[in-house]
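1. Sequence plus the predicted model coming up.
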Amino acid sequence: MATLSLLRFTPLLPKPAPKPHLLLSTPSSTVQFPLRSQTTARISSRRPTISASAAVPATDRLISVLAYSLPFLNSLHYGRFLFARVPIAAAAVGPLLPLVAAYRTLPYAGFVAFFALYLGVVRNPSFGRFVRFNSMQAVVLDVLLALPVLLQRVFGVPARGLGFKVLEIGYDAVFVFAAVCFVYSVVSCVLGRTPYLPIVATAADRQL
């Protein structure tokens, strides 16, 4: 009887819980992560890398470069004071002087080139956005470069004194700005990248 009572009141011990290191060493957990990393590496290695110059055709880049030549040619007369003080700058633009002279001898050449660029390229849906956006930037830049001339016709041109000094500094600033925009835009277009000029890019994007 005593033996039966001991067997009756002996509590059942719970089974020991599995240790954490045994769970982490299961085959399913050790195989999943290497397979994911290898699959990701294979997919990433198969992605083609397309450069910016390869995405834009050469004809589009050439037309964009020619579009920026319009505001640059119209800005050369703002560099007259700078060319007189810096002979190197005058020598740099020297090869362009015959082209500028021929451009100015044609009647209404500036208006014809302006509307040809705006109506023939910007508003032409057969051209891609790269060409149309760069042409629109060139048009907006050309309009901005015409504003100082309009101000001169309204207020006149000072011949001496402080007014002439302000005019000289203003001419230099306008030409340097136009030259920097021209170089930056041409280099970007040759590389197949879209240049974004300050203030000009926002106005050009709204027109498209």
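-> Happy to help now that I have it.
2. A179 and V143: what is the separation?
-> 18 Å (CB to CB, to the nearest Å). No exception for glycine: its C-beta is placed from N, CA and C like everyone else's.
3. between these two, who's got more neighbours?
-> The neighbour count for A179 versus V143, taken as other CB atoms under 10 Å, is higher for A179 (19 against 13).
4. tell me what the helix or strand harbouring the more buried one is packed against?
-> Following DSSP states H and E, one finds A179 within helix 161-190. Here helix 161-190 touches helix 58-75, helix 80-85, helix 129-155, going by 3 or more CB pairs under 8 Å, 6 or more residues apart in numbering; DSSP states H and E.
5. Now do it against helix 58-75, angle only.
-> Put simply, helix 161-190 runs at 170 degrees to helix 58-75, going by axes from the mean of the first three to the mean of the last three CA atoms, to 10 degrees.
6. Make 278 the first number, not 1, from now on.
-> Let's use 278 as the start, then, which means that last one is helix 438-467.
7. List the buried residues for helix 438-467?
-> Buried residues in helix 438-467, counted by 16 or more other CB atoms under 10 Å: 444-445, 448-449, 451-452, 454-456, 458-459, 462-463, 465-466.
8. cool, stretch 377-386 as well?
-> Using 16+ other CB under 10 Å as the test for burial, stretch 377-386 gives Y380.
9. got the end-to-end distance for that stretch?
-> Counting by CA to CA, to the nearest Å, you get 11 Å between the two ends of stretch 377-386.
10. number of nearby residues for the nearest residue to V333 once chain neighbours are set aside?
-> Distance criterion CB to CB, 6 or more residues apart in numbering; nearest residue to V333, sequence neighbours excluded, is G469 at 3.9 Å. G469: 18 surrounding residues under other CB under 10 Å.
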